[in-house]
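A.B. asks: Sequence and predicted structure, then a few things I'm wondering about:
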Amino acid sequence: MPRSLIAPASALALAALASAQAAHAQQACVVAEDAADAVVYAMPLAYDATMQTCDAQMGPDSFLRSADGRNFFEQFRVQQDERWQGTFRFLKVFIEQEADGDDGMGQMIAALPEESLRPFVDGLAAQMLAEEIKPDTCEKISRGAELLSPLPAENVGGLVAFILEMVDLDNPPVCGPDGTVTVIPEGPLSEEDEVE
């Protein structure tokens with residue numbers, strides 16, 4: 001998926017809060033619904049960070065500066081409270097991995113009560129997103145958001161979670177419906193993989 005489409009909708013921004021580098025086989029997977037919740041939760045954070053970096057860079061006709069752009073992101077903002085529990089479960093996978101290692105930050109985050117963790121997540125995610133957005137990508141992000149804008153929040157979250165489930169994402173992997181990780185093999189299919 002082009003970076004311009006993922007950037008404004010990225011659950012990966014929240015995933016970056018805990019940079020667990022454990023091997024793929026040692027990682028727990030997250031359910032797709034929690035990944036979708038994290039996407040919906042992250043959208044307003046991504047919008048605010050983008051506007052912080054890009055407001056002066058975008059033309060007057062940019063989607064993100066328009067009423068349509070603000071309204072698109074507002075549908076995510078009003079759902080943040082109800083999406084927090086899924087987002088928290090999504091992040092907990094990373095927090096537990098960090099706490100199991102030698103990293104003091106992971107242990108400190110794991111010790112925070114849930115009500116204290118949310119403002120910490122919001123502040124850190126907004127800061128990290130703002131640092132990742134480069135001025136020369138502002139119009140691309142705006143175009144990507146405009147392409148997503150006909151979709152309701154539920155579909156945006158579900159679409160990104162589906163893409164994460166289908167790619168070989170191991171930070172963390174997204175569980176399939178049966179609770180296992182689905183990985184699309186790279187390269188040509190072997191004789192065993194071919195469908196007759």
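C.D. replies: That came through, no problem.
A.B. asks: packing partners for the longest helix along the chain?
C.D. replies: Ranked by residue count under DSSP state H, the longest helix found in the chain is helix 32-54. For helix 32-54, the packing partners by 3 or more C-beta pairs under 8 Å, 6 or more residues apart in numbering; DSSP states H and E come out as helix 12-15, helix 67-77, helix 80-100, helix 114-132, helix 138-148, helix 153-166, strand 174-175. Backbone N, C-alpha and C define where each C-beta goes, glycine included.
A.B. asks: hmm, who's touching the second one?
C.D. replies: When contacts are taken as C-beta atoms under 8 Å, 6 or more residues apart in numbering, the neighbours of helix 67-77 outside the stretch itself are 40-41, 43-44, 47, 62-63, 142, 145-146, 148-149, 152-153, 156.
A.B. asks: where are the low-confidence patches of this protein?
C.D. replies: Within the chain, the segments meeting pLDDT under 70 span 1-27, 94-111, 168-172, 176-196.
A.B. asks: mind redoing it with 50?
C.D. replies: 1-26, 184, 194-196 (pLDDT under 50).
A.B. asks: Verify the contact between residue 173 and residue 29 for me.
C.D. replies: Yes. Counting by C-beta atoms under 8 Å, residue 173 does reach residue 29; the two are 4.5 Å apart.
A.B. asks: Which of the helices and strands packed on helix 32-54 sits closest to residue 54?
C.D. replies: Residue 54 sits nearest to helix 138-148 of all the helices and strands packed on helix 32-54, at 3.5 Å, using C-beta to C-beta.
A.B. asks: counting contacts, what elements does that closest one pack onto?
C.D. replies: Using 3+ C-beta pairs under 8 Å, 6+ apart: helix 138-148 touches helix 3-6, helix 32-54, helix 67-77.
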